[in-house]
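**Student:** coords please:
(one chain, ligands or ions: 1)
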Amino acid sequence: MANKIQSIRGMSDLFHQEMESHSWVIDKAREVAVLYGFLEVSTPILERTEVFSRPLGQTSDVVSKETYTFNDRGGDSLTLRPEGTAGIMRSVISNGKFNELPLKFFYSGPMFRYERPQKGRLRQFNQIGIELIGIAEPYSDAEVILCGINFLKSLNVLGSCSLNINTLGDKESRNLYRSSLIDYFQKNHSKMSNISKERLKINPLRILDSKETQDQEIIAQAPSFSSYLNSNSKKHFEKVLKYLEVNNIDYVHNEKLVRGLDYYCHTTFEFVTDKLGSQGTVLGGGRYDGLSETLNGPYLPGVGFAAGVERLVLLSEKNDNTISSIAVIPIEEKNLEDSFKIIERLRSQNIALELLNYGNITKQIRKAINRKIRHIIIIGDEELKTKHVILRDLLKGEQKLVLIENLINEIMNLD
Ligand code: HAM
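**Tutor:** Modelled structure (predicted):
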């Protein structure tokens, strides 16, 4: 046989069970987002390359190594979106939406990053996210974080996660800190890993994010950001923390949390778990007041987060997927006509049903059990003569004869 065509590495086919778990996460996110006043939007999966390269940073890992970028037939450079925030800001600018501030958006959909695939890390993965655009005040950072907390709570995973939070200050503070980091790392240059030496040339802040063992001690002794924050930046962060504290939210102030995308300023945060091995970040976000200007838009402050659907599915315990809970089994081919009539009448009452094949009844029942179906309706000549069918509860192992005209009622009252 010729070689089987395989899917692309890190890009999965999702069948019913996975689709159901994904939809469950996305529906929960949408419900919580609506509670906080975020309304759903959808932007294209493909954007012009500069939509990502400018705000995320040419030197960020995502832009320098992970994007799927190609020229289309007209010669334009396009990129499959690696994340949702930049595309949403592009859409706000290109649709002139800044006259309707504040904008509160919820989105979900596939993202693409050419990373090394492993458990919880894919090349095509799904995110849910929210973006609050148009408010620079620290209360909106807190509101976004609280929305994230309630979302994780609704999936019963908040207990497995802890909130790490940090501030990257405003531009002035960041520039000051950056110079002090350059001085410090240059003094330790010979002891640093090669990857950190590279980062020192392009983005010294990212060294703080290094996972290399040989960098850890140097990072631990590095100057701390808090001593370089100007008073505006300090105030902003203190207020965010205060709003979390009055809501009894536990957090860890992690000064090394810089995140991988260049557009962040002030607050950054991540919810991390130790239950997913090395891919422990389930939800991450922060403030991005300068993003719009990198896309030639006006000054538009913003804050938001995104969470990986696959990681949340792995973390949550939603594994009890059931398909339609009722199946119809005609005993013989000639019972199909009556079966169809009955099924369509039930479906018109919004009762979800599956028609299994006629023939060997034991085989069909086994099929129903494998598909986690609890109730079956057996339709055969004998019962049809008296306008009855058999309704069997596979869980309890009980069955009864039911008049066809009473079937809807019987089904409505099933447990
Ligand atoms: P991010 O931290 O790059 O942030 O991604 C957010 C989440 O997407 C991660 O915490 C993780 O759960 C999931 N994720 C990322 N890469 C992968 C992957 N290769 N496979 C599976 N899951 C993955 C952003 O994307 C920002 N746009 C978040 C944001 C919104 N900031 C402000 N607003």
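
**Student:** Residue numbers of the stretch 251-400 of the chain in contact with the ligand?
**Tutor:** 260, 281-286, 288, 304-308, 310-311 (Cβ under 6 Å from any ligand atom). No exception for glycine: its C-beta is placed from N, CA and C like everyone else's.

**Student:** can you pull the contacts of Val41?
**Tutor:** Contacts were defined as Cβ atoms under 8 Å, 6 or more residues apart in numbering; by that measure Val41 touches Ile88, Ser91, Phe105, Phe106, Tyr107.

**Student:** Among these, which lie within strands?
**Tutor:** Phe105, Phe106, Tyr107 (DSSP state E).

**Student:** Report the buried members of those.
**Tutor:** Phe105, Phe106, Tyr107 (16 or more other Cβ atoms under 10 Å).

**Student:** okay, these in JSON lines with pLDDT and distance to Gln6 next?
**Tutor:** Below are those laid out as JSON lines (pLDDT from 0 to 100; distance: Cβ to Cβ, whole Å):
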{"residue": "Phe105", "pLDDT": "98", "distance to Gln6": "36"}
{"residue": "Phe106", "pLDDT": "98", "distance to Gln6": "34"}
{"residue": "Tyr107", "pLDDT": "98", "distance to Gln6": "30"}
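
**Student:** Tell me which helix or strand comes right after the strand or helix carrying Ile329.
**Tutor:** Assigned by DSSP states H and E, Ile329 falls within strand 326-330. Per DSSP H and E, the first helix or strand lying C-terminal to strand 326-330 is helix 336-347.

**Student:** Just the C-alphas of that following helix, formatted as PDB.
**Tutor:** Extracted C-alpha coordinates of helix 336-347, given in PDB (Å, rounded to 0.1, in the frame of the first residue of the first chain):
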ATOM      1  CA  LEU A 336     -37.000   1.100   9.000                       C
ATOM      2  CA  GLU A 337     -40.000   3.000   7.600                       C
ATOM      3  CA  ASP A 338     -41.800   3.000  11.000                       C
ATOM      4  CA  SER A 339     -38.500   3.700  12.700                       C
ATOM      5  CA  PHE A 340     -38.000   6.800  10.600                       C
ATOM      6  CA  LYS A 341     -41.500   8.100  11.300                       C
ATOM      7  CA  ILE A 342     -41.000   7.700  15.000                       C
ATOM      8  CA  ILE A 343     -37.500   9.200  15.100                       C
ATOM      9  CA  GLU A 344     -38.400  12.300  13.100                       C
ATOM     10  CA  ARG A 345     -41.400  12.900  15.300                       C
ATOM     11  CA  LEU A 346     -39.200  12.700  18.400                       C
ATOM     12  CA  ARG A 347     -36.500  14.900  16.800                       C
END
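
**Student:** which residues make contact with that helix from outside it?
**Tutor:** 328, 330, 353, 355, 358, 377, 379, 384, 389, 404, 407-408, 411.

**Student:** Which elements pack onto the helix or strand just after it?
**Tutor:** As assigned by DSSP H and E, the chain's next helix or strand after helix 336-347 is strand 353-355. With contacts taken as 3 or more Cβ pairs under 8 Å, 6 or more residues apart in numbering; DSSP states H and E, strand 353-355 sits against strand 326-330, helix 336-347.

**Student:** Keeping just the C-alphas, turn whichever helix or strand comes after strand 353-355 into CSV.
**Tutor:** Next helix or strand after strand 353-355 toward the C-terminus (DSSP H and E): helix 361-370. Provided in CSV are the C-alpha atoms of helix 361-370 (Å, rounded to 0.1, in the frame of the first residue of the first chain):
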residue,chain,number,x,y,z
ILE,A,361,-29.7,-6.9,18.0
THR,A,362,-27.0,-8.0,20.5
LYS,A,363,-24.4,-6.5,18.2
GLN,A,364,-26.3,-3.2,18.0
ILE,A,365,-26.8,-3.1,21.8
ARG,A,366,-23.1,-3.6,22.2
LYS,A,367,-22.5,-0.7,19.8
ALA,A,368,-24.9,1.5,21.8
ILE,A,369,-23.0,0.7,25.1
ASN,A,370,-19.7,1.5,23.5
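
**Student:** Right, I'll leave it there.
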